[in-house]
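In: Sequence first, then the predicted structure:
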Amino acid sequence: QVQLVESGGGLVQAGGSLRLSCAASGSIFSINVMGWYRQAPGKERELVAAITSGGSTNYADSVKGRFTISRGNAKNTVYLQMNSLKPEDTAVYYCAADRDYGLRWDFRGNGMDYWGKGTLVTVSS
């Protein structure tokens, strides 16, 4: 089993920045991909960014150039640096993880085995 805990959400003005953290514990040796998803009110969950154990990354088109996903030195922490935030970035952000490398492209996250409880990001205009 893998446990994921997110932190770093909050309220920020448009144009501002936030950094989200996801700390993984448990059987982390089995994890090959970690991702950040978000779900805005009334909308479906969507992939924001993902990173593999080898360091490959991918991003949703809506966040390219503004968000950066990275891993900590200990490899059990994943960050999402969010810059130039927009009101449409407002959502609950979830960290997810799985052993299947291919799930880095899992747009809705339906295949991901492990999830955190989420952290709310609110961007005011």
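Out: The structure has been received and is ready for your questions.

In: Bridged to the spatially most central residue of the chain, which residues?
Out: Of all residues in the chain, the one closest to the mean position by Cα atoms, centre = their mean is residue 36, 1.7 Å from it. Judged by DSSP bridges, the bridge partners of residue 36 are residue 49, residue 95.

In: how near is it to residue 115?
Out: 11 Å (Cβ to Cβ, to the nearest Å). Glycine gets a C-beta too; all of them are placed from N, C-alpha and C.

In: Find residues that contact each of the two.
Out: Shared contacts of residue 36 and residue 115, defined by Cβ atoms under 8 Å, 6 or more residues apart in numbering, comprise 94-96.

In: ok, these vs residue 120, which is closest?
Out: residue 94 (10.6 Å; Cβ to Cβ).

In: Buried ones in stretch 94-114, by neighbour count?
Out: 94-98, 103-104, 106, 109, 112, 114 (16 or more other Cβ atoms under 10 Å).

In: same thing with stretch 45-65?
Out: Within stretch 45-65, the residues that count as buried by 16+ other Cβ under 10 Å are 45, 47-52, 59-60, 63.
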